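Peer 1: Sequence first, then the predicted structure:
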Amino acid sequence: MINASLKELSAALTGGQLSSVELTRLFLERIGKLNPALNAFITVDAEQSLAMARVADARIAKGEGGPLTGIPVAHKDIFCTEGWLTTCGSKMLSNFVSPYDATVIEHFKTAGAVTLGKTNMDEFAMGSSNETSFYGPVKNPWHPAAVPGGSSGGSAAAVAARLAPAATGTDTGGSIRQPAALCGLTGLKPTYGLVSRYGMIAFASSLDQAGPMAKSAEDCALLLNVMAGFDARDSTSLARPAEDYARDLAQPLAGLRIGLPKEFFAEGLSSDVARAVDAAIAEYRKLGAVTVDVSLPNMRLAVPAYYVIAPAEASSNLSRFDGARYGWRAPQYGDLADMYCQSRAQGFGAEVKRRILIGTYVLSHGYYDAYYLQAQRIRRLIAQDFVAAFRECDLIMGPTTPTVAFDLGDKAGDPVQMYLSDIYTIAVNLAGLPGLSLPCGAGAKGLPVGLQIIGNYFSEARMLNAAHRYQQTTDWHRRSPTL
(Lines give C-alpha, C1' and ligand atoms only; values in the text may rest on other atoms or scores of the structure.)
Protein backbone atom coordinates (compact mmCIF):
# COMPACT_ATOMS: atom_id res chain seq x y z
CA MET A 1 0.00 0.00 0.00
CA ILE A 2 2.79 2.49 0.74
CA ASN A 3 3.95 2.34 -2.89
CA ALA A 4 0.48 2.37 -4.43
CA SER A 5 -0.65 5.20 -6.68
CA LEU A 6 -3.52 7.45 -5.65
CA LYS A 7 -5.74 5.76 -8.24
CA GLU A 8 -4.88 2.33 -6.80
CA LEU A 9 -5.54 3.53 -3.26
CA SER A 10 -8.88 5.01 -4.31
CA ALA A 11 -9.88 1.75 -6.00
CA ALA A 12 -8.94 -0.24 -2.89
CA LEU A 13 -10.98 2.08 -0.67
CA THR A 14 -14.00 2.05 -2.97
CA GLY A 15 -13.80 -1.71 -3.43
CA GLY A 16 -13.64 -2.36 0.29
CA GLN A 17 -10.17 -3.94 0.30
CA LEU A 18 -9.23 -1.55 3.10
CA SER A 19 -10.73 1.36 4.97
CA SER A 20 -9.51 4.92 5.26
CA VAL A 21 -9.00 4.34 8.97
CA GLU A 22 -6.70 1.38 8.23
CA LEU A 23 -4.81 3.33 5.58
CA THR A 24 -4.42 6.36 7.81
CA ARG A 25 -3.18 4.21 10.69
CA LEU A 26 -0.62 2.61 8.39
CA PHE A 27 0.92 5.99 7.56
CA LEU A 28 0.65 7.26 11.14
CA GLU A 29 2.59 4.20 12.26
CA ARG A 30 5.29 4.88 9.65
CA ILE A 31 5.49 8.49 10.77
CA GLY A 32 5.87 7.37 14.37
CA LYS A 33 8.66 5.00 13.42
CA LEU A 34 10.63 7.04 10.86
CA ASN A 35 9.90 10.71 11.47
CA PRO A 36 12.20 11.05 14.51
CA ALA A 37 15.16 10.40 12.18
CA LEU A 38 13.87 12.42 9.21
CA ASN A 39 12.11 15.35 10.93
CA ALA A 40 9.70 15.66 8.01
CA PHE A 41 6.64 16.48 10.12
CA ILE A 42 6.21 19.30 12.62
CA THR A 43 2.71 18.35 13.75
CA VAL A 44 0.85 15.04 13.75
CA ASP A 45 -2.55 14.69 15.41
CA ALA A 46 -3.67 11.08 15.15
CA GLU A 47 -7.03 11.77 16.78
CA GLN A 48 -8.00 14.42 14.25
CA SER A 49 -6.69 12.39 11.31
CA LEU A 50 -8.55 9.24 12.31
CA ALA A 51 -11.75 11.22 12.88
CA MET A 52 -11.50 12.51 9.30
CA ALA A 53 -10.83 8.96 8.10
CA ARG A 54 -14.00 7.70 9.77
CA VAL A 55 -16.02 10.42 8.05
CA ALA A 56 -14.42 9.44 4.73
CA ASP A 57 -15.30 5.78 5.26
CA ALA A 58 -18.91 6.78 5.84
CA ARG A 59 -18.94 8.78 2.60
CA ILE A 60 -17.49 5.87 0.66
CA ALA A 61 -20.04 3.48 2.18
CA LYS A 62 -22.82 5.76 0.91
CA GLY A 63 -21.33 5.81 -2.56
CA GLU A 64 -20.45 9.49 -2.22
CA GLY A 65 -16.68 9.23 -2.47
CA GLY A 66 -14.45 10.88 -5.03
CA PRO A 67 -10.94 10.15 -6.34
CA LEU A 68 -9.25 11.41 -3.14
CA THR A 69 -11.87 10.49 -0.55
CA GLY A 70 -10.22 8.68 2.35
CA ILE A 71 -6.67 9.22 1.10
CA PRO A 72 -4.25 10.77 3.64
CA VAL A 73 -2.43 13.89 2.42
CA ALA A 74 0.31 15.80 4.24
CA HIS A 75 0.24 19.59 4.11
CA LYS A 76 3.14 22.00 4.19
CA ASP A 77 2.96 23.96 7.44
CA ILE A 78 2.45 27.20 5.51
CA PHE A 79 -1.26 26.52 4.99
CA CYS A 80 -3.60 27.71 7.73
CA THR A 81 -5.49 24.62 8.91
CA GLU A 82 -8.37 25.03 11.34
CA GLY A 83 -7.67 23.44 14.70
CA TRP A 84 -4.09 22.54 13.76
CA LEU A 85 -0.82 24.14 14.76
CA THR A 86 0.35 26.24 11.80
CA THR A 87 3.91 27.40 12.40
CA CYS A 88 5.47 28.23 9.02
CA GLY A 89 8.61 26.65 10.49
CA SER A 90 9.08 29.68 12.76
CA LYS A 91 9.44 30.27 16.48
CA MET A 92 7.05 33.20 16.03
CA LEU A 93 4.14 30.85 15.32
CA SER A 94 5.15 27.97 17.55
CA ASN A 95 1.89 28.23 19.51
CA PHE A 96 -0.44 29.42 16.73
CA VAL A 97 -3.49 27.20 16.15
CA SER A 98 -5.26 28.44 13.05
CA PRO A 99 -8.91 29.50 13.44
CA TYR A 100 -9.69 28.89 9.76
CA ASP A 101 -8.72 26.84 6.70
CA ALA A 102 -6.74 28.00 3.70
CA THR A 103 -8.67 27.50 0.47
CA VAL A 104 -6.35 24.64 -0.53
CA ILE A 105 -7.15 22.87 2.75
CA GLU A 106 -10.88 23.52 2.23
CA HIS A 107 -10.69 21.91 -1.20
CA PHE A 108 -9.04 18.78 0.15
CA LYS A 109 -11.60 18.53 2.94
CA THR A 110 -14.43 18.88 0.43
CA ALA A 111 -12.85 16.08 -1.60
CA GLY A 112 -12.83 13.89 1.51
CA ALA A 113 -9.05 13.64 1.86
CA VAL A 114 -7.59 13.05 5.33
CA THR A 115 -5.17 15.58 6.80
CA LEU A 116 -2.23 13.42 7.84
CA GLY A 117 -0.12 16.16 9.42
CA LYS A 118 1.79 19.40 8.84
CA THR A 119 5.23 19.13 7.28
CA ASN A 120 8.46 20.88 8.14
CA MET A 121 9.75 23.75 6.01
CA ASP A 122 12.29 26.54 5.83
CA GLU A 123 11.17 29.37 8.09
CA PHE A 124 8.50 31.38 6.27
CA ALA A 125 9.54 29.46 3.13
CA MET A 126 12.84 31.37 3.02
CA GLY A 127 15.42 28.77 2.16
CA SER A 128 16.52 26.16 -0.35
CA SER A 129 17.58 23.33 1.93
CA ASN A 130 15.10 23.09 4.83
CA GLU A 131 17.90 24.04 7.21
CA THR A 132 16.34 27.32 8.38
CA SER A 133 13.37 25.77 10.20
CA PHE A 134 13.03 26.57 13.90
CA TYR A 135 12.22 22.87 14.31
CA GLY A 136 15.52 21.72 12.87
CA PRO A 137 16.61 20.48 9.45
CA VAL A 138 14.84 17.79 7.49
CA LYS A 139 16.95 14.83 6.36
CA ASN A 140 16.87 13.47 2.82
CA PRO A 141 15.52 9.88 2.96
CA TRP A 142 17.93 8.84 0.19
CA HIS A 143 20.97 9.97 2.18
CA PRO A 144 20.39 11.29 5.73
CA ALA A 145 23.52 13.44 5.61
CA ALA A 146 22.05 15.37 2.65
CA VAL A 147 19.43 18.08 2.44
CA PRO A 148 15.97 17.31 1.01
CA GLY A 149 15.78 20.72 -0.67
CA GLY A 150 13.55 23.57 0.35
CA SER A 151 11.46 25.24 1.27
CA SER A 152 9.01 22.32 0.88
CA GLY A 153 11.58 19.81 2.11
CA GLY A 154 9.35 18.28 4.74
CA SER A 155 6.66 17.46 2.18
CA ALA A 156 9.25 16.02 -0.20
CA ALA A 157 10.90 13.87 2.47
CA ALA A 158 7.52 12.64 3.72
CA VAL A 159 6.41 11.38 0.31
CA ALA A 160 9.85 10.01 -0.64
CA ALA A 161 10.04 8.04 2.62
CA ARG A 162 6.47 6.80 2.09
CA LEU A 163 5.25 8.56 5.23
CA ALA A 164 2.44 9.99 3.09
CA PRO A 165 0.95 9.10 -0.30
CA ALA A 166 1.06 12.75 -1.39
CA ALA A 167 1.64 16.23 -0.05
CA THR A 168 1.15 19.90 -0.77
CA GLY A 169 3.95 22.39 -1.22
CA THR A 170 4.50 25.98 -2.24
CA ASP A 171 6.89 27.34 -4.83
CA THR A 172 8.27 30.90 -4.75
CA GLY A 173 11.52 30.32 -6.61
CA GLY A 174 11.60 26.54 -6.98
CA SER A 175 10.43 25.34 -3.57
CA ILE A 176 8.30 22.51 -4.98
CA ARG A 177 10.44 21.52 -7.95
CA GLN A 178 13.85 21.65 -6.28
CA PRO A 179 12.97 19.36 -3.31
CA ALA A 180 11.03 17.09 -5.68
CA ALA A 181 14.20 16.74 -7.74
CA LEU A 182 16.46 16.12 -4.76
CA CYS A 183 14.08 13.52 -3.26
CA GLY A 184 13.08 11.70 -6.45
CA LEU A 185 9.48 12.90 -6.71
CA THR A 186 7.17 14.56 -9.18
CA GLY A 187 6.30 18.11 -8.15
CA LEU A 188 4.27 20.73 -10.00
CA LYS A 189 4.27 24.52 -9.67
CA PRO A 190 1.10 25.66 -11.50
CA THR A 191 0.59 28.85 -13.46
CA TYR A 192 0.46 31.84 -11.11
CA GLY A 193 -3.13 32.39 -10.01
CA LEU A 194 -4.39 28.90 -10.84
CA VAL A 195 -4.45 27.80 -7.19
CA SER A 196 -5.76 30.11 -4.48
CA ARG A 197 -3.24 31.68 -2.12
CA TYR A 198 -5.87 32.53 0.50
CA GLY A 199 -4.71 31.25 3.88
CA MET A 200 -1.24 30.47 2.58
CA ILE A 201 1.10 32.58 4.70
CA ALA A 202 2.84 34.78 2.16
CA PHE A 203 6.55 34.96 1.41
CA ALA A 204 6.54 36.94 -1.85
CA SER A 205 3.01 37.54 -3.00
CA SER A 206 3.70 37.97 -6.71
CA LEU A 207 5.73 34.75 -6.86
CA ASP A 208 4.16 32.27 -4.41
CA GLN A 209 2.10 29.41 -5.80
CA ALA A 210 0.79 26.24 -4.17
CA GLY A 211 1.08 22.90 -5.92
CA PRO A 212 1.13 19.11 -5.51
CA MET A 213 4.00 16.75 -4.70
CA ALA A 214 3.61 13.03 -5.30
CA LYS A 215 5.24 9.91 -6.69
CA SER A 216 4.00 10.36 -10.26
CA ALA A 217 2.55 12.79 -12.78
CA GLU A 218 -0.76 10.92 -12.69
CA ASP A 219 -0.96 11.48 -8.93
CA CYS A 220 -0.13 15.17 -9.37
CA ALA A 221 -2.92 15.51 -11.95
CA LEU A 222 -5.47 14.11 -9.49
CA LEU A 223 -4.20 16.42 -6.75
CA LEU A 224 -4.28 19.48 -9.02
CA ASN A 225 -7.88 18.67 -9.95
CA VAL A 226 -8.71 19.28 -6.30
CA MET A 227 -6.41 22.24 -5.66
CA ALA A 228 -7.17 24.44 -8.68
CA GLY A 229 -10.09 26.82 -8.92
CA PHE A 230 -11.13 30.45 -8.67
CA ASP A 231 -11.36 32.02 -5.21
CA ALA A 232 -12.93 35.45 -4.78
CA ARG A 233 -11.07 35.84 -1.48
CA ASP A 234 -7.74 35.88 -3.32
CA SER A 235 -7.23 38.93 -5.52
CA THR A 236 -4.56 37.07 -7.52
CA SER A 237 -6.84 34.11 -8.26
CA LEU A 238 -7.81 33.68 -11.92
CA ALA A 239 -11.37 32.91 -13.02
CA ARG A 240 -11.07 30.06 -15.51
CA PRO A 241 -13.26 27.13 -16.49
CA ALA A 242 -12.60 23.98 -14.47
CA GLU A 243 -10.26 21.49 -16.11
CA ASP A 244 -9.54 17.80 -15.72
CA TYR A 245 -5.75 17.78 -15.61
CA ALA A 246 -5.69 14.01 -16.08
CA ARG A 247 -7.59 14.19 -19.37
CA ASP A 248 -4.58 14.06 -21.70
CA LEU A 249 -2.26 11.78 -19.75
CA ALA A 250 -2.36 9.00 -22.33
CA GLN A 251 -1.98 11.18 -25.43
CA PRO A 252 0.97 10.23 -27.67
CA LEU A 253 3.94 12.59 -27.87
CA ALA A 254 4.54 12.30 -31.62
CA GLY A 255 5.49 15.72 -32.96
CA LEU A 256 5.82 17.35 -29.55
CA ARG A 257 8.42 20.14 -29.86
CA ILE A 258 10.80 20.24 -26.90
CA GLY A 259 12.86 23.39 -26.50
CA LEU A 260 16.35 23.00 -25.06
CA PRO A 261 17.68 26.35 -23.77
CA LYS A 262 21.42 26.58 -24.17
CA GLU A 263 21.53 28.48 -20.87
CA PHE A 264 20.36 25.33 -19.03
CA PHE A 265 23.32 23.29 -20.25
CA ALA A 266 26.15 25.76 -19.69
CA GLU A 267 28.88 26.05 -17.07
CA GLY A 268 27.73 25.15 -13.56
CA LEU A 269 25.77 22.01 -14.46
CA SER A 270 27.37 18.94 -12.89
CA SER A 271 28.28 16.11 -15.25
CA ASP A 272 26.18 13.47 -13.45
CA VAL A 273 23.03 15.60 -13.69
CA ALA A 274 23.79 16.44 -17.32
CA ARG A 275 24.09 12.75 -18.23
CA ALA A 276 20.76 11.87 -16.65
CA VAL A 277 18.97 14.79 -18.29
CA ASP A 278 20.49 13.98 -21.69
CA ALA A 279 19.30 10.37 -21.34
CA ALA A 280 15.80 11.57 -20.47
CA ILE A 281 15.67 13.82 -23.52
CA ALA A 282 16.83 10.90 -25.66
CA GLU A 283 13.92 8.88 -24.27
CA TYR A 284 11.54 11.65 -25.32
CA ARG A 285 12.92 11.45 -28.85
CA LYS A 286 12.12 7.73 -28.82
CA LEU A 287 8.58 8.63 -27.80
CA GLY A 288 8.22 10.75 -30.93
CA ALA A 289 9.12 14.20 -29.66
CA VAL A 290 11.49 16.45 -31.57
CA THR A 291 13.98 18.82 -29.96
CA VAL A 292 14.77 22.38 -30.98
CA ASP A 293 17.38 24.77 -29.66
CA VAL A 294 16.00 27.87 -27.94
CA SER A 295 17.53 30.66 -25.90
CA LEU A 296 16.58 32.49 -22.72
CA PRO A 297 19.22 35.24 -22.85
CA ASN A 298 18.11 37.04 -19.70
CA MET A 299 17.99 33.94 -17.51
CA ARG A 300 21.44 34.80 -16.15
CA LEU A 301 19.80 37.79 -14.47
CA ALA A 302 17.01 35.75 -12.87
CA VAL A 303 18.79 35.03 -9.58
CA PRO A 304 19.86 38.64 -8.85
CA ALA A 305 16.43 39.97 -9.89
CA TYR A 306 14.68 37.39 -7.71
CA TYR A 307 16.81 38.22 -4.68
CA VAL A 308 15.74 41.84 -4.96
CA ILE A 309 12.03 41.26 -5.62
CA ALA A 310 11.40 38.38 -3.22
CA PRO A 311 13.02 39.97 -0.12
CA ALA A 312 11.27 43.27 -0.90
CA GLU A 313 7.89 41.54 -0.93
CA ALA A 314 8.82 39.46 2.11
CA SER A 315 9.78 42.51 4.17
CA SER A 316 6.55 44.19 3.19
CA ASN A 317 4.49 41.11 4.11
CA LEU A 318 6.25 40.51 7.42
CA SER A 319 5.86 44.14 8.44
CA ARG A 320 2.09 44.01 7.98
CA PHE A 321 1.05 40.81 9.68
CA ASP A 322 -2.64 40.64 10.47
CA GLY A 323 -2.75 39.88 14.18
CA ALA A 324 -6.46 39.08 14.10
CA ARG A 325 -5.89 36.45 11.44
CA TYR A 326 -2.48 35.02 12.26
CA GLY A 327 -2.46 35.38 16.02
CA TRP A 328 0.31 37.82 16.95
CA ARG A 329 0.71 41.54 17.28
CA ALA A 330 2.09 43.26 14.21
CA PRO A 331 4.95 45.67 14.87
CA GLN A 332 5.00 48.77 12.68
CA TYR A 333 8.57 48.73 11.46
CA GLY A 334 10.38 52.02 11.14
CA ASP A 335 13.85 52.51 9.77
CA LEU A 336 16.24 49.70 8.96
CA ALA A 337 17.89 49.52 12.37
CA ASP A 338 14.56 49.53 14.18
CA MET A 339 13.24 46.81 11.88
CA TYR A 340 16.24 44.62 12.59
CA CYS A 341 15.73 45.03 16.34
CA GLN A 342 12.04 44.25 15.98
CA SER A 343 12.77 41.13 13.98
CA ARG A 344 15.22 39.91 16.60
CA ALA A 345 12.64 40.52 19.31
CA GLN A 346 10.03 38.62 17.34
CA GLY A 347 12.31 35.61 17.05
CA PHE A 348 13.04 35.48 13.34
CA GLY A 349 15.83 33.14 12.28
CA ALA A 350 19.01 34.33 10.59
CA GLU A 351 17.88 33.75 7.00
CA VAL A 352 14.60 35.61 7.51
CA LYS A 353 16.49 38.51 9.11
CA ARG A 354 18.88 38.59 6.16
CA ARG A 355 16.07 38.79 3.64
CA ILE A 356 14.14 41.39 5.63
CA LEU A 357 17.24 43.57 5.70
CA ILE A 358 17.79 43.19 1.96
CA GLY A 359 14.13 43.86 1.23
CA THR A 360 13.97 46.95 3.39
CA TYR A 361 17.17 48.27 1.85
CA VAL A 362 16.04 47.95 -1.78
CA LEU A 363 12.68 49.57 -0.98
CA SER A 364 14.18 52.48 0.90
CA HIS A 365 14.45 56.04 -0.40
CA GLY A 366 17.24 56.44 -2.92
CA TYR A 367 17.50 52.72 -3.73
CA TYR A 368 13.98 51.85 -4.92
CA ASP A 369 14.61 53.01 -8.50
CA ALA A 370 18.14 51.64 -8.65
CA TYR A 371 17.28 48.15 -7.43
CA TYR A 372 13.59 47.26 -7.16
CA LEU A 373 12.35 48.93 -10.35
CA GLN A 374 15.36 47.63 -12.26
CA ALA A 375 14.64 44.09 -11.05
CA GLN A 376 11.04 44.42 -12.20
CA ARG A 377 12.25 45.50 -15.65
CA ILE A 378 14.47 42.42 -15.80
CA ARG A 379 11.49 40.32 -14.76
CA ARG A 380 9.56 41.61 -17.76
CA LEU A 381 12.46 40.78 -20.08
CA ILE A 382 12.63 37.24 -18.71
CA ALA A 383 8.91 36.76 -19.38
CA GLN A 384 9.39 38.06 -22.92
CA ASP A 385 12.20 35.54 -23.46
CA PHE A 386 9.81 32.72 -22.62
CA VAL A 387 7.14 34.14 -24.95
CA ALA A 388 9.68 34.10 -27.78
CA ALA A 389 10.87 30.59 -26.94
CA PHE A 390 7.34 29.18 -26.97
CA ARG A 391 6.91 30.35 -30.54
CA GLU A 392 9.50 27.69 -31.40
CA CYS A 393 8.45 24.87 -29.08
CA ASP A 394 5.59 23.40 -27.05
CA LEU A 395 7.50 22.62 -23.85
CA ILE A 396 10.93 23.53 -22.50
CA MET A 397 13.09 20.92 -20.78
CA GLY A 398 16.32 20.89 -18.83
CA PRO A 399 17.73 20.12 -15.39
CA THR A 400 15.78 21.12 -12.30
CA THR A 401 18.91 21.62 -10.20
CA PRO A 402 22.61 21.98 -11.10
CA THR A 403 23.64 19.16 -8.72
CA VAL A 404 22.12 16.33 -6.75
CA ALA A 405 21.37 16.92 -3.07
CA PHE A 406 24.28 18.49 -1.21
CA ASP A 407 25.20 17.64 2.37
CA LEU A 408 23.66 19.38 5.35
CA GLY A 409 25.76 22.40 6.29
CA ASP A 410 27.69 22.52 3.01
CA LYS A 411 26.15 25.80 1.84
CA ALA A 412 24.71 27.17 5.07
CA GLY A 413 27.52 29.71 5.42
CA ASP A 414 27.46 30.81 1.78
CA PRO A 415 24.12 32.39 0.83
CA VAL A 416 25.18 32.97 -2.79
CA GLN A 417 25.96 29.29 -3.37
CA MET A 418 22.69 28.36 -1.66
CA TYR A 419 20.75 30.74 -3.89
CA LEU A 420 22.39 29.28 -7.01
CA SER A 421 20.83 25.89 -6.27
CA ASP A 422 17.62 27.44 -7.66
CA ILE A 423 19.25 28.85 -10.79
CA TYR A 424 17.09 26.83 -13.21
CA THR A 425 13.79 27.28 -11.38
CA ILE A 426 13.60 30.97 -10.42
CA ALA A 427 12.91 32.34 -13.91
CA VAL A 428 9.68 30.31 -14.06
CA ASN A 429 8.31 32.11 -10.99
CA LEU A 430 9.37 35.52 -12.26
CA ALA A 431 7.41 34.84 -15.46
CA GLY A 432 4.43 33.25 -13.67
CA LEU A 433 4.73 30.08 -15.77
CA PRO A 434 4.01 26.49 -14.75
CA GLY A 435 6.97 24.20 -14.05
CA LEU A 436 7.26 20.53 -13.18
CA SER A 437 10.08 18.31 -11.96
CA LEU A 438 10.13 14.55 -12.38
CA PRO A 439 12.81 11.98 -11.51
CA CYS A 440 14.95 11.00 -14.50
CA GLY A 441 18.00 9.22 -13.15
CA ALA A 442 20.60 8.88 -10.43
CA GLY A 443 23.72 10.94 -9.92
CA ALA A 444 26.54 11.01 -7.39
CA LYS A 445 26.02 8.68 -4.41
CA GLY A 446 22.96 7.27 -6.16
CA LEU A 447 20.97 10.41 -5.38
CA PRO A 448 17.98 11.36 -7.57
CA VAL A 449 18.21 13.72 -10.55
CA GLY A 450 15.24 15.82 -11.63
CA LEU A 451 14.17 16.78 -15.16
CA GLN A 452 12.35 20.10 -15.34
CA ILE A 453 9.47 20.65 -17.76
CA ILE A 454 8.34 24.24 -18.31
CA GLY A 455 5.10 24.98 -20.09
CA ASN A 456 3.35 28.02 -21.47
CA TYR A 457 0.64 29.59 -19.36
CA PHE A 458 -2.14 27.14 -18.40
CA SER A 459 -0.48 24.19 -20.15
CA GLU A 460 -0.46 21.97 -17.04
CA ALA A 461 -2.38 19.16 -18.78
CA ARG A 462 0.17 19.01 -21.60
CA MET A 463 3.08 19.03 -19.13
CA LEU A 464 1.52 16.24 -17.10
CA ASN A 465 0.92 14.28 -20.30
CA ALA A 466 4.61 14.57 -21.22
CA ALA A 467 5.70 13.54 -17.73
CA HIS A 468 3.25 10.63 -17.60
CA ARG A 469 4.29 9.16 -20.95
CA TYR A 470 7.93 9.28 -19.86
CA GLN A 471 7.00 7.56 -16.60
CA GLN A 472 5.20 4.81 -18.51
CA THR A 473 8.50 3.83 -20.15
CA THR A 474 10.87 4.39 -17.21
CA ASP A 475 10.86 3.41 -13.55
CA TRP A 476 12.72 6.27 -11.85
CA HIS A 477 9.50 7.47 -10.21
CA ARG A 478 8.87 4.01 -8.74
CA ARG A 479 12.20 3.84 -6.94
CA SER A 480 12.24 4.59 -3.25
CA PRO A 481 15.02 5.00 -0.69
CA THR A 482 16.05 2.16 1.57
CA LEU A 483 15.34 3.30 5.11
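Peer 2: Ah, there it is.
Peer 1: contacts and neighbour counts: CA atoms only from here.
Peer 2: OK.
Peer 1: for this structure, what spans make up the strands?
Peer 2: 41-43, 72-76, 114-119, 166-170, 186-189, 210-214, 257-261, 290-294, 395-399, 435-442, 448-455 (DSSP state E).
Peer 1: Tell me which of those sits nearest to residue 196.
Peer 2: strand 210-214 (7.6 Å; C-alpha to C-alpha).
Peer 1: So what's the gap between that closest one and the chain middle?
Peer 2: Distance, stretch centre to chain centre, for strand 210-214: 6 Å (C-alpha atoms, centre = their mean, to the nearest Å).
Peer 1: Against which helices or strands is that strand packed?
Peer 2: helix 153-160, strand 166-170, strand 186-189, helix 217-227 (3 or more C-alpha pairs under 8 Å, 6 or more residues apart in numbering; DSSP states H and E).
Peer 1: Name the strands paired with it and say parallel or antiparallel.
Peer 2: strand 166-170 (antiparallel), strand 186-189 (antiparallel) (DSSP bridges).
Peer 1: Contacts for that strand, please.
Peer 2: By C-alpha atoms under 8 Å, 6 or more residues apart in numbering, the residues outside strand 210-214 that reach it are 155-156, 159, 165-171, 176, 180, 185-190, 195-197, 220, 223-224, 227.
Peer 1: try 7 Å
Peer 2: Identification of contacts with strand 210-214 by C-alpha atoms under 7 Å, 6 or more residues apart in numbering yields 156, 159, 165-171, 185-190, 195, 220, 223-224.
Peer 1: again with stretch 26-45
Peer 2: 85, 116-120, 137-139, 141, 154-155, 157-158, 163-164.
Peer 1: Give me the buried entries from these.
Peer 2: 85, 116-120, 137-139, 141, 154-155, 157-158, 163-164 (16 or more other C-alpha atoms under 10 Å).
Peer 1: and which of these is nearest to residue 358?
Peer 2: Nearest to residue 358 among these is residue 137, at 23.9 Å by C-alpha to C-alpha.
Peer 1: hmm, back to that, farthest pair in the buried ones among the contacts of stretch 26-45?
Peer 2: Distances among these were taken as C-alpha to C-alpha; the most separated pair is 85 and 141, at 24.7 Å.
Peer 1: Leaving out sequence neighbours, find the closest residue to residue 72.
Peer 2: Using C-alpha to C-alpha, 6 or more residues apart in numbering and skipping the chain neighbours, the partner closest in space to residue 72 is residue 114 (4.4 Å).
Peer 1: Can you give me the neighbour number for that neighbour?
Peer 2: Neighbourhood size, residue 114 [other C-alpha atoms under 10 Å]: 27.
Peer 1: I figured it was touching residue 68, is that so?
Peer 2: No. The pair residue 114 / residue 68 is not scored as a contact, 8.8 Å apart, by C-alpha atoms under 7 Å.
Peer 1: how about the strands paired with strand 210-214 in JSON lines, adding distance to residue 207, mean pLDDT and mean neighbour count?
Peer 2: Shown next, in JSON lines, are the strands paired with strand 210-214 (distance: least, C-alpha to C-alpha, whole Å; pLDDT from 0 to 100; neighbours: other C-alpha atoms under 10 Å):
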{"stretch": "strand 166-170", "distance to residue 207": "10", "mean pLDDT": "98", "mean neighbour count": "31"}
{"stretch": "strand 186-189", "distance to residue 207": "11", "mean pLDDT": "98", "mean neighbour count": "33"}
